[in-house]
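Asks: Got a predicted structure plus its sequence, pasted below:
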Amino acid sequence: MALASISEIALILIREGAEALLIIAALAAYLSRLGDAGKLRVLYAGAALAVPASLLTAYLFQRFMDGMHNDALEGVIMLLAAVILLYVGGWLYGKRDAEAWQGYLQEQIDGRLDAGTLALGFTAFLAVYREGAETILFLHALAAGHGGWNTSMLFGLLLGSAVLLAGFLAVRVFALRLPLRPFFIATSAFLLLMALVFIGQAIQEFQELTWISYNDIALPAWLAELGLEPTWEALLTQAAVLATTLGITAMVDRGRQPSRN
């Protein structure tokens with residue numbers, strides 16, 4: 001039973017925290033390349049503020065909703081997170097060239113916080129908050145089912161946290177070793193992927209509320225693991241967002257190309 005408690009707690013924490021970890025690690029690597037500790041603190045502050053916000057939300061769910069999460073709230077948070085991720089991804093993509101990057105650094109030399117940096121902090125907040133309250137409720141329910149927190153469960157919590165921390169550091173180290181242009185492009189692509197995942201999950205929440213129709217489709221297991229929801233509504237929405245994003249990106253890139261006349 002002790003081993004089961006350890007693994008169960010650790011897996012819950014790892015499963016729920018992996019997406020937030022990847023997003024924050026990628027953005028932390030970006031801000032490290034910026035070389036501005038103040039902006040990096042904004043990112044970490046956003047993530048840190050999400051912890052008490054998650055605790056408060058979990059308490060409210062437990063107090064007024066018998067521990068049940070709110071599908072509408074979760075869906076709205078996921079959509080908001082997707083919008084912010086799309087904005088930040090586009091913002092980073094625009095800085096991929098050395099000339100644009102140096103121009104941005106010159107603009108930021110006075111240390112002020114611009115809209116892009118604030119969006120990074122808000123992204124970190126939403127990345128943690130979107131799963132934080134539900135994770136706390138899961139852990140609380142699991143502890144209650146075992147008669148309260150015990151040494152094995154606390155060890156599982158520490159083990160899961162250690163795995164997440166190791167993953168965070170690994171992503172940061174790997175990202176910092178990439179050349180500047182591939183790093184920015186890869187980070188932007190990752191944020192786009194996560195935005196599409198969040199959109200699919202939001203559609204699923206709204207389908208559970210019967211706000212959106214549900215027409216399932218058979219998907220290979222590996223596609224489902226990538227975050228594609230097995231319904232036409234989710235897939236078509238994700239495809240539309242992807243096509244729109246790629247189309248806008250292509251138009252902007254074409255507009256930046258120097259004229260050959």
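Replies: Cool, the structure landed.

Asks: switch to C-alpha atoms for all contacts and neighbour counts from now on
Replies: Noted.

Asks: in the stretch 151-261 of the chain, which spans are helices?
Replies: With DSSP state H, counting those that start in this stretch applied, the stretch 151-261 of the chain shows helices at 151-177, 180-208, 221-225, 232-256, listed in chain order.

Asks: Return the member of those helices having the minimum mean pLDDT.
Replies: Taking each of these in turn, the lowest mean pLDDT turns up on helix 221-225, with a mean of 74.

Asks: thinking again about what came up before, turn the helices of the stretch 151-261 of the chain into a markdown table, columns for mean neighbour count and distance to residue 25.
Replies: As requested, the helices of the stretch 151-261 of the chain are arranged in a markdown table below (neighbours: other CA atoms under 10 Å; distance: least, CA to CA, whole Å):
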| stretch | mean neighbour count | distance to residue 25 |
| --- | --- | --- |
| helix 151-177 | 17 | 5 |
| helix 180-208 | 21 | 10 |
| helix 221-225 | 10 | 21 |
| helix 232-256 | 14 | 23 |
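
Asks: For the ones you listed, give me TSV that also has distance to residue 120.
Replies: Supplementary listing: those in TSV, determined by distance: least, CA to CA, whole Å:
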stretch	distance to residue 120
helix 151-177	16
helix 180-208	11
helix 221-225	26
helix 232-256	19
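
Asks: of all the ones you listed, which lies closest to residue 13?
Replies: Nearest to residue 13, of all these, is helix 151-177, at 5.7 Å by CA to CA.

Asks: Give the other helices and strands that that closest one contacts.
Replies: For helix 151-177, the elements it packs on are helix 2-34, judged by 3 or more CA pairs under 8 Å, 6 or more residues apart in numbering; DSSP states H and E.

Asks: and the helix it packs on, how far out from the chain's middle?
Replies: Here helix 2-34 shows a centroid-to-chain-centroid distance of 10 Å under the convention CA atoms, centre = their mean, to the nearest Å.

Asks: Out of the helices of the stretch 151-261 of the chain, which is closest to residue 27?
Replies: helix 180-208 (7.9 Å).

Asks: ok now that closest one, how far from the chain's centre?
Replies: With CA atoms, centre = their mean as the basis, helix 180-208 stands 8 Å off its chain's centre.

Asks: out of the helices of the stretch 151-261 of the chain, which comes closest to residue 63?
Replies: Nearest of those to residue 63, taken as CA to CA: helix 180-208 at 22.0 Å.

Asks: what's that closest one packed up against?
Replies: With contacts defined as 3+ CA pairs under 8 Å, 6+ apart, helix 180-208 has these neighbours: helix 2-34, helix 71-93, helix 232-256.

Asks: Distance to residue 159 added to those, as a markdown table?
Replies: Below are the helices and strands packed on helix 180-208 laid out as a markdown table (distance: least, CA to CA, whole Å):
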| stretch | distance to residue 159 |
| --- | --- |
| helix 2-34 | 6 |
| helix 71-93 | 27 |
| helix 232-256 | 35 |
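
Asks: which one of those helices lies closest to residue 176?
Replies: Distances from residue 176 to each of the helices and strands packed on helix 180-208 were compared using CA to CA; the shortest belongs to helix 2-34, at 6.0 Å.

Asks: how about the helix or strand that comes right after the closest one: buried residues?
Replies: Following helix 2-34 in sequence order, the next helix or strand is helix 37-64 (DSSP states H and E). The neighbour-count criterion (16 or more other CA atoms under 10 Å) identifies 39-40, 42-44, 46-47, 49-51, 53-55, 57-61 as the buried residues of helix 37-64.

Asks: Of all the helices of the stretch 151-261 of the chain, which one is nearest residue 131?
Replies: Evaluated over those, closeness to residue 131 peaks at helix 180-208, with 11.4 Å, by CA to CA.
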